[in-house]
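Trainee: below are the sequence and a predicted model for it; my questions follow.
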Amino acid sequence: MKLMYIIVRQDNESDVVNALIKENYRITKLATSGGFLRRGNTTLFSCVEDSDVDKAIDIVKAECGKRQKIQVDMPVNLPSTAINYTTLPTTIEIGGATIIVTDVCKFEKF
């Protein structure tokens with residue numbers, strides 16, 4: 001048995017959850033934030049049989065799509081200027097998902 005941590009953007013959360021539930025995966029969701037932009041994420045937890053891990057990953061990939069590059073203005077401190085900060089355009093990737101799979105030593109459901 002494996003424990004999957006699936007971190008997705010809030011924009012993709014309902015599609016991912018619905019697709020996993022449709023395939024009979026049991027999901028626990030937790031609202032999280034973090035990363036570079038500090039935007040909302042959802043972390044999903046699911047215990048799955050070893051043989052079902054790849055299928056679950058494929059479902060998440062299909063629902064989250066590919067990562068996209070966007071341009072954002074990031075604040076930067078420049079000590080040589082009279083102002084405390086300025087912004088510089090920065091290209092970053094958003095979307096997709098982060099998936100961590102770990103072994104489960106014991107699983108009980110009652």
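Mentor: Received the coordinates, thanks.

Trainee: just for the protein, where's the confidence low?
Mentor: For the chain, the stretches flagged by pLDDT under 70 are 35-39, 66-88, 91-95.

Trainee: which residues of it fall in helices?
Mentor: Ranges of helices in the chain, per DSSP state H, are 10-22, 53-64.

Trainee: counting by contacts, list what the last one packs against.
Mentor: The reference is to helix 53-64. strand 2-9, helix 10-22, strand 97-103 (3 or more C-beta pairs under 8 Å, 6 or more residues apart in numbering; DSSP states H and E). The C-beta positions use only the backbone N, C-alpha and C, and glycine is treated the same way.

Trainee: so which of the ones you listed is nearest Glu63?
Mentor: Closest to Glu63 of the helices and strands packed on helix 53-64 is helix 10-22 (C-beta to C-beta; 4.4 Å).

Trainee: show residues contacting that closest one.
Mentor: 6, 8, 27, 29, 31, 39-42, 44, 46, 56, 59-60, 62-65, 95, 97 (C-beta atoms under 8 Å, 6 or more residues apart in numbering).

Trainee: ok, Asp103 - contacts?
Mentor: Met1, Lys2, Leu3.

Trainee: sorry, back to before: would you list the helices of the chain in a markdown table and tack on mean neighbour count?
Mentor: Formatted as a markdown table, those follow (neighbours: other C-beta atoms under 10 Å):
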| stretch | mean neighbour count |
| --- | --- |
| helix 10-22 | 16 |
| helix 53-64 | 16 |
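
Trainee: touching, Asp50 and Met1? I think so.
Mentor: Yes: judged on C-beta atoms under 8 Å, Asp50 makes contact with Met1 at a distance of 6.8 Å.

Trainee: okay, and the common contacts of the two?
Mentor: With C-beta under 8 Å, 6+ apart, Asp50 and Met1 have no common neighbours.
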